[in-house]
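S.K.: Need a 3D model of the following:
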Amino acid sequence: ASARAELWRVRGLAKPAESAEPAAPHHDAAPSGAAGPASARSARRAPCPPEMVSIAGRYCVDRFEGSLAHRSDGRLLSADYPPTPNALGGVLADWATKRERGGDLHARALPLPPLDPSQIGAASAPFALSRRGLRPSGFVSGLVAREACAAAGKRLCTHEEWRTACRGDQRTRFPYGDAYEDGACNVNRPHHPAAILHGHASVGHLDPRLVRVEVDGEPLLRLTGASARCLSRWGDDAVFDMVGNLDEWVDHKGGAFAGGFFARGTSSGCDALVDAHPEPYLDYTTGLRCCLDTAPAEPSPPRDTR
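M.R.: Here you go, the predicted model:
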């Protein structure tokens, strides 16, 4: 009953501001046209679509962390909540039963983020969108990450593909070089949102408010592409935020996510991997990024030998 009450409460909230997608340069944009796998295929370029980066011509990787969108019309889903009805109901039920017991008075007064009413009861799997300046989607399970990449005409990266893309064409341990630089990527932050809201970093990981926490006026989770130094360079192009911001699911036996999220205490860079959770797992830190096999080159027309 408490979960139902929360559903009705959030139905009255306004749609998230990011539902109106910001303008972006051409190479940052998602494939044009209707959402879904057909549009992703039709927009494919050789070797990679415009929203992806070619990794030495062998395969393509999304330039930015993934945001989830409706397959029907391409509208963004609320990035602070699970995209599937069952998981969404579980998160709201958890909030309804624990909100009066966690954190101090200030933390308890912090409201839930906006939730698009169309997300409640949505039946179809979303598709993954890669674009600059969006809030990347958390609360993504490995199963949903796999489905969302497939719905965009792509696939999950293998761990080796992901790590290779992260290291850049110079094969460095971090996107920006071989030595760890504090603050270059949005990882290993000294403040943990669960400690701020719930008094301990190990509790409350289904709280939708965690990725909205700010410290000194700055959100702990940044928009895609906002960390200017966190670039994995490939020629004159680059992949953003492969270390930090959100963990990213990879295609790995038993389930795994890579890179580390903004408050994970890691300085392992491109080697950071968590393989302790199966693919159905999700929390506020788990996100996605997709890969794609390189499109075959168009065959050259036959030469006229007459």
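
S.K.: So, low pLDDT: which residues of the chain?
M.R.: Scanning the chain for pLDDT under 70 picks out the ranges 1-46, 100, 102, 122-124, 296-306.

S.K.: all helices of it, in order?
M.R.: Here the chain has its helices, by DSSP state H, at 2-11, 37-42, 85-98, 105-109, 142-151, 159-167, 193-198.

S.K.: between these, which gets nearest to residue 186?
M.R.: Between residue 186 and the helices of the chain, the shortest gap by C-beta to C-beta is with helix 193-198, which sits at 12.9 Å. Every C-beta, even on glycine, is put in place using the N, C-alpha and C of the backbone.

S.K.: Any chance you could list what contacts the closest one?
M.R.: 102-103, 107, 110, 200-205, 207, 209-211, 213, 215, 220, 263, 284 (C-beta atoms under 8 Å, 6 or more residues apart in numbering).

S.K.: what does stretch 264-274 give?
M.R.: 159, 163, 166-167, 172-175, 180, 185, 187-188, 232, 242-243, 247, 250, 252, 256-260, 285.

S.K.: swap the cut-off to 6 Å and go again
M.R.: Residues outside stretch 264-274 that contact it (C-beta atoms under 6 Å, 6 or more residues apart in numbering): 163, 166-167, 173-174, 180, 188, 243, 256-260.

S.K.: Would you mind putting the helices of the chain into a markdown table with mean neighbour count and distance to residue 125 alongside?
M.R.: Formatted as a markdown table, the helices of the chain follow (neighbours: other C-beta atoms under 10 Å; distance: least, C-beta to C-beta, whole Å):
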| stretch | mean neighbour count | distance to residue 125 |
| --- | --- | --- |
| helix 2-11 | 15 | 20 |
| helix 37-42 | 16 | 11 |
| helix 85-98 | 17 | 11 |
| helix 105-109 | 11 | 33 |
| helix 142-151 | 23 | 4 |
| helix 159-167 | 21 | 22 |
| helix 193-198 | 22 | 28 |
